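> okay, predicted coordinates and the sequence, questions at the end:
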Amino acid sequence: MNSTILIMIVGMAVVTYLPRLIPFVMFQGKELPPFVQAVLKNVPYATLGALIVPGIFLINEDIMYGVIGATVAFIVAYFGANVILVVISSIVALSVYSWLVG
Amino acid sequence: MATTIAARKPSSFRNGLQAGVSIAIGYIPIAITFGLLAKSAGLTVSETVLMSLLVFAGAAQYMSLNMIVLGSGVFEIVMTTFILNIRHFLMSASLNEKVEEKSLWKKSLFSFGITDETFSVSATKEGTIQTGYMFGVILIAYSSWVVSSGVGHVIGSSLPSSLQESMAVALYAMFVGLLMPSLKKHRKVVLLAGAAAILNSVFSLVIGIAAGWSIVLATITSAVGIEILYSKWSKEENADE
């Protein structure tokens, strides 16, 4: 195994693990101020918004992939389907689209 | 009594495994492509699998391959990885409020497995999070990631391009599926996700802030901004009463 690559991998592993670990150590057994707690409760929903947009529209050079994928996912999820069904419906819809335009 | 206690632990682990299935599916095409690109960037199969085993962060791993091909130095690659993954700090801080676990070493262990996807699944779960659940979600996601990276390197070709193009949507569709139940229930969630989506688009596409920072800034601005608005509104409502 190439030692430069090995050092790089270990370095990447350390700097990836630290941000994941530090909050658990820093806030262990601590009661945070109510405002901070409320903000941290907001984080998952804000994160999801930022993870979905604009990324979903950039999955393919053809922006229609993102538009169709997002629309199908939204509709199927809106009618209460579970997450796996949402994922599979979007994949199927895009397979059909890719077959039609391809 | 003894049986109920004994039965509780494996069930939260099993719930975690089930909740993680959509992540495992979504990781397959991305990790296979990673394995393939790692091979063309000159990494051996053991280096490729080792990176997935130790780093377990998709975006950073992809970026490192780009930088290797461009001839960047190790320090530069490690720094870029750090910047790209700093967003997990926010995610861990948020999860820390939601997990029941008190033991720091167990939290240290599962914190290794916090990715955008494992975080999204566990953070949108109703109620508190059991440690078994975290391990279940992470185990299935991590296994899929590591195995598929190796597979991609060994088979040396990606999935059929039509299937790959369609499967690129998988993780995004999962995010939509995770967000929707709360989106329908709470107007606050609509505002939080909407504001972060708009901000992230402006930061990354218009202003051109690097992807890692853009998500962090959009998330913080939205989470803090909406909280300030809501605390003002609730004060006004109290004053009206």
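In hand now; what should we look at?
> close to chain B, is the helix or strand of chain A with the lowest mean pLDDT?
When the helices and strands of chain A are scored by mean pLDDT, DSSP states H and E, helix A:83-101 comes last with a mean of 94. Yes. Against chain B, helix A:83-101 shows contacts by CB under 8 Å from any CB of the partner chain at A:83-87, A:89-92, A:94-95, A:97-99. Quick note: C-beta positions are derived from backbone N, CA and C, even for glycine.
> could you dump these into CSV with distance to B:K235 added?
What follows is those, written out as CSV (distance: CB to CB, whole Å):
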residue, distance to B:K235
A:V83, 37
A:I84, 42
A:L85, 42
A:V86, 38
A:V87, 41
A:S89, 43
A:S90, 42
A:I91, 46
A:V92, 48
A:L94, 46
A:S95, 51
A:Y97, 49
A:S98, 52
A:W99, 56
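> farthest pair in the residues you listed?
Largest separation among the residues of helix A:83-101 next to chain B by CB to CB: A:V83 and A:W99, giving 24.8 Å.
> show me which residues of the longest helix seen in chain B are buried.
In chain B, with assignment by DSSP state H, the single longest helix is helix B:2-40. Within helix B:2-40, the residues that qualify as buried by neighbour count (16 or more other CB atoms under 10 Å in any protein chain shown) are B:12-13, B:15-17, B:19-39.
> packing partners of that helix?
Applying 3 or more CB pairs under 8 Å, 6 or more residues apart in numbering or on different chains; DSSP states H and E, one finds that helix B:2-40 contacts helix A:83-101, helix B:45-54, helix B:58-70, helix B:116-123, helix B:131-155, helix B:161-167, helix B:170-185.
> in chain B, where is pLDDT below threshold?
Chain B contains residues with pLDDT under 70 at B:1-10, B:158, B:239-241.
> which residue is nearest the centroid of it?
B:D116 (1.2 Å; CA atoms, centre = their mean).
> the residue lying closest to B:Q18 once chain neighbours are set aside and B:V154: what is the separation?
Closest residue in space to B:Q18, ignoring its immediate chain neighbours: B:G136 at 7.7 Å, by CB to CB, 6 or more residues apart in numbering or on different chains. Using CB to CB, to the nearest Å, B:G136 is found at 27 Å from B:V154.
> which one's more surrounded, these two?
The neighbour comparison of B:G136 against B:V154 (other CB atoms under 10 Å in any protein chain shown) goes to B:G136, with 23 against 13.
> surely the more buried one touches B:I23?
No. Counting by CB atoms under 8 Å, B:G136 stays clear of B:I23, with 11.1 Å between them.
> how near is B:G156 to B:G35?
Counting by CB to CB - B:G156 and B:G35 are separated by 9 Å.
> sorry, that was for B:E126
For B:E126, the distance to B:G35 equals 36 Å [CB to CB].
> then B:T221?
Distance, B:T221 to B:G35, using CB to CB: 36 Å.
> next: B:F112.
Distance, B:F112 to B:G35, using CB to CB: 21 Å.
> what does B:R14 give?
Counting by CB to CB - B:R14 and B:G35 are separated by 29 Å.
> B:F75 - nearest residue in space that isn't next to it in sequence?
Of all residues not flanking B:F75 in the chain, A:G11 sits nearest, at 8.0 Å (CB to CB, 6+ apart).
> next, count neighbours for that neighbour.
19.
> report pLDDT for it.
Listed pLDDT for A:G11 reads 98.
> what helix or strand is it on?
Secondary structure from DSSP states H and E places A:G11 in helix A:3-26.
> next: B:S231.
B:S231 is located in helix B:211-240, with elements delineated by DSSP H and E.
> any bit of that helix sitting next to chain A?
Yes. Applying CB under 8 Å from any CB, one finds that helix B:211-240 is in contact with chain A at B:214-215, B:218-220, B:222-224, B:226-227, B:231.
> by neighbour count, which of those wins?
In the residues of helix B:211-240 next to chain A, the most neighbours by other CB under 10 Å go to B:T219, 30 neighbours.
> tell me which helix or strand the residue nearest to that one when sequence neighbours are not counted sits in.
Closest residue to B:T219 apart from its sequence neighbours, by CB to CB, 6+ apart: A:A46 at 4.5 Å. Element membership for A:A46 (DSSP H and E) is helix A:34-52.
> downstream neighbour of that helix in the secondary structure list?
helix A:64-78.
> tell me if that next one is near chain B.
Yes. Interface with chain B: helix A:64-78 contributes A:65-66, A:69-70, A:72-74, A:76-78 (CB under 8 Å from any CB).
> could you dump those residues to TSV with pLDDT?
Listed next are the residues of helix A:64-78 next to chain B as TSV, based on pLDDT from 0 to 100:
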residue	pLDDT
A:Y65	96
A:G66	96
A:G69	97
A:A70	97
A:V72	98
A:A73	97
A:F74	97
A:V76	98
A:A77	97
A:Y78	97
